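K.L.:
Pasting a predicted model and its sequence here:
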Amino acid sequence: MILTNIFSGWGSFFQLIGVLLVFLFVLVITYATTRWIAGYQQGVMKNRNIQVIETFRVNNNKYIQVLQVGKKYMVISVCKDTMNILIELSEDDLIWKPSEGEFQGSKVNQNFQEILSRLKEKIPRK
C-alpha cells in the first residue's frame, strides 16, 4: 500500500515534468516562428517604392497619411473601407523630409533593452 503511494507520487512528478517540457518546447517553437516571420516580412517590406512618411489620426478609424510613392509625395485619407488621394505634394511643400537612414530600418531594429534604457534616462529620479 505504501509502495503504490510512492510510485503514484513519482508518476505524478514525472507527468508534471513532461507537461513542463512540452510547454517549453511549444514556447521555443512559437518564439522561433515569430522571429522568422518578422525577419521575412522585414525583408519583403525593405527597399520598396511606397513608404509612409507620416500618419495623423483624425478619428477612431480615419487617418491622413503622407506617402512617398517613387519620387512623388501624396496625401491620402484612409477610412474603414475606403482610401482616397487628397492632394499630390512636391518635395518643397514638405516641412520635414525623411533621410535615407530613417527608412533603412535603423529605428525598427532597436532592441527592447535600448528603448528601456532611454526611457529610464528621461524619468526623473526622486
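P.N.:
On my side now, so go ahead.
K.L.:
dump the residue contacts of V58.
P.N.:
Counting by C-beta atoms under 8 Å, 6 or more residues apart in numbering, V58 touches I64, S77. (C-beta placed from N, C-alpha, C; glycine too.)
K.L.:
Which helix or strand contains it?
P.N.:
Using DSSP states H and E, V58 maps to strand 50-59.
K.L.:
Enumerate the positions of that strand that are buried.
P.N.:
Buried positions in strand 50-59, judged by neighbour count with 16 or more other C-beta atoms under 10 Å: I53.
K.L.:
switch to numbering from 7
P.N.:
OK, 7 is where the count begins now, so the last one is strand 56-65.
K.L.:
Look up the residues forming beta bridges with the closest residue to F62 other than its chain neighbours.
P.N.:
Nearest non-adjacent residue to F62, counting by C-beta to C-beta, 6 or more residues apart in numbering: I70, 4.7 Å away. According to DSSP bridges, the residues that bridge with I70 are F62, S83.
K.L.:
How far away from the center of its chain is the helix ranked longest in the chain?
P.N.:
Assignment by DSSP state H gives helix 8-51 as the longest helix of the chain. Distance, stretch centre to chain centre, for helix 8-51: 25 Å (C-alpha atoms, centre = their mean, to the nearest Å).
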